[in-house]
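Here's a sequence, model it:
(one chain, ligands or ions: 1)
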Amino acid sequence: MARRKKIYEGKAKTLYEGPEPGTIVQYFKDDATAFNAEKHDVIEGKGVLNNILSEFFMLGLGQIGVPTHFLKRLNMREQLVRSCEIIPLEIIVRNYAAGSISKRLGIDEGTQLPRPIVEYCYKDDALGDPLVTEEHIAAFGWASQQDMDDILSLALRVNDFLSGVFLAVGIRLVDFKIEIGRIYEGDFQRLVIADEISPDSCRLWDINTGQKLDKDVFRRDLGSLTDAYSEVARRLGVMPNNPPAPGKPTLVN
Ligand code: TMP
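Predicted structure coming up:
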């Protein structure tokens with residue numbers, strides 16, 4: 001069997017060259033990291049759950065006309081995506097205060113924000129993904145003004161969509177992070193939602209109990225991360241028939 005070409009290995013995913021030009025295979029690992037990889041663990045089944053959950057959100061976004069890089073899920077751990085040039089920004093949308101905004105501005109976690117707040121961080125692990133302003137983005141040429149207008153509109157559409165989907169299953173979308181890529185089509189470029197959307201990149205709280213169902217469970221040592229992600233998958237109706245068990249791969253259609 002021919003060995004496929006690894007393009008990039010990140011903290012939670014590995015990217016391989018896809019079967020056709022312009023495609024990439026995204027492999028979801030079980031690795032969990034936090035605090036810029038200072039904390040690391042391997043959590044059996046996390047990759048399977050994130051693969052399925054990210055597929056679910058990307059397909060849903062596609063259905064409401066928000067373009068994404070997603071093409072199709074290949075198996076339990078892999079999905080085929082369109083190759084794109086990632087804009088070096090983490091785009092964060094916050095509906096309630098939590099995490100770094102609470103620390104930075106002294107707002108109690110759980111406080112509803114007056115409106116969704118969009119923040120940008122420069123994607124650079126060595127620098128710890130620092131918060132930047134549109135001034136930095138424009139001056140350093142990371143994105144054009146047109147890109148920024150499109151990014152803001154995409155981020156808010158994703159927020160509306162995800163907030164509604166989660167609300168319907170009793171989950172509050174506190175905040176999330178997305179990444180956006182450029183796809184070139186002839187003389188034109190299109191922006192698409194890229195990377196992944198999963199409980200690794202969102203804060204999700206049960207509406208009634210406030211229970212955390214996202215990566216804060218790992219960051220803050222609050223219990224089983226797979227239990228939390230499985231609960232999200234179960235509520236959304238995408239839980240694999242046989243929950244991921246160590247050493248027992250399950251085929252999912
Ligand atoms: P923060 O409160 O730590 O800035 O995180 C805001 C949101 O972004 C939260 O949903 C977690 C997500 N996030 C990532 O996806 N990757 C990261 O590296 C960080 C720091 C946060």
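
Residue 56 belongs to a helix?
Yes - the assignment for residue 56 is a helix, going by DSSP: H, G, I helix; E, B strand; the rest coil.

sec struct for the nearest residue to it once chain neighbours are set aside, please.
Nearest non-adjacent residue to residue 56, counting by C-beta to C-beta, 6 or more residues apart in numbering: residue 238, 5.0 Å away. For every residue, glycine as well, the C-beta is placed using N, CA and C. The three-state assignment at residue 238 reads coil, by three-state DSSP.

Would you agree residue 238 is in contact with residue 53?
Yes - taking C-beta atoms under 8 Å as the definition, residue 238 is a contact partner of residue 53 at 6.6 Å.

who's more crowded, those two?
Ranked by neighbour count (other C-beta atoms under 10 Å), residue 238 and residue 53 place residue 53 first, with 23 against 15.

tell me the secondary structure for that one?
Per three-state DSSP, residue 53 ends up helix.

Would you mind confirming that residue 236 is in contact with residue 165?
Yes - counting by C-beta under 8 Å, residue 165 is a contact partner of residue 236 at 7.3 Å.

Quick one: name the residues of the chain near the ligand.
92, 98, 99, 100, 101, 129, 175, 176, 177, 201, 202, 203 (C-beta under 6 Å from any ligand atom).

can you tell me the helix or strand for the last one?
Residue 203 is part of strand 202-206, with elements assigned from DSSP states H and E.

Next: the first one.
Element membership for residue 92, per DSSP H and E: strand 89-96.

List the pairing partners of that strand within its sheet, with orientation.
When pairs are called by DSSP bridges, strand 89-96 turns out to pair with strand 112-122 (antiparallel), strand 171-185 (antiparallel).

Which residue does the stretch 1-150 of the chain have closest to the ligand?
For the stretch 1-150 of the chain and the ligand, the shortest gap (C-beta to the nearest ligand atom) falls at residue 99, measuring 2.3 Å.

Number of residues surrounding that residue?
Applying other C-beta under 10 Å, we find 15 other residues in the vicinity of residue 99.

Wait, it touches residue 214, no?
No - Residue 99 is beyond contact range of residue 214, at 10.4 Å (criterion: C-beta under 8 Å).

Would you map the helices across the stretch 1-150 of the chain?
For the stretch 1-150 of the chain, the helices defined by DSSP state H, counting those that start in this stretch cover 46-63, 99-105, 134-139, 145-167.

what's the burial count for the closest residue to residue 229 other than its chain neighbours?
Of all residues not flanking residue 229 in the chain, residue 49 sits nearest, at 4.3 Å (C-beta to C-beta, 6+ apart). Residue 49 has 28 neighbours, counted by other C-beta under 10 Å.

wait, residue 49 sits on residue 230?
Yes - in this structure residue 49 lies within contact range of residue 230 using C-beta under 8 Å: 6.5 Å.

re earlier: out of the helices of the stretch 1-150 of the chain, which is the most enclosed?
Using mean count of other C-beta atoms under 10 Å, the stretch among these with the largest mean neighbour count is helix 46-63, at a mean of 21.

so where is this structure shaky, pLDDT-wise?
Counting by pLDDT under 70, the chain shows low-confidence ranges at 1, 241-253.

which residues touch the nearest residue to residue 111 once chain neighbours are set aside?
Leaving aside its sequence neighbours, residue 111 sits nearest to residue 97 (C-beta to C-beta, 6+ apart; 4.5 Å). Listed by C-beta atoms under 8 Å, 6 or more residues apart in numbering, the contact partners of residue 97 are 105, 107, 108, 109, 110, 111, 113.
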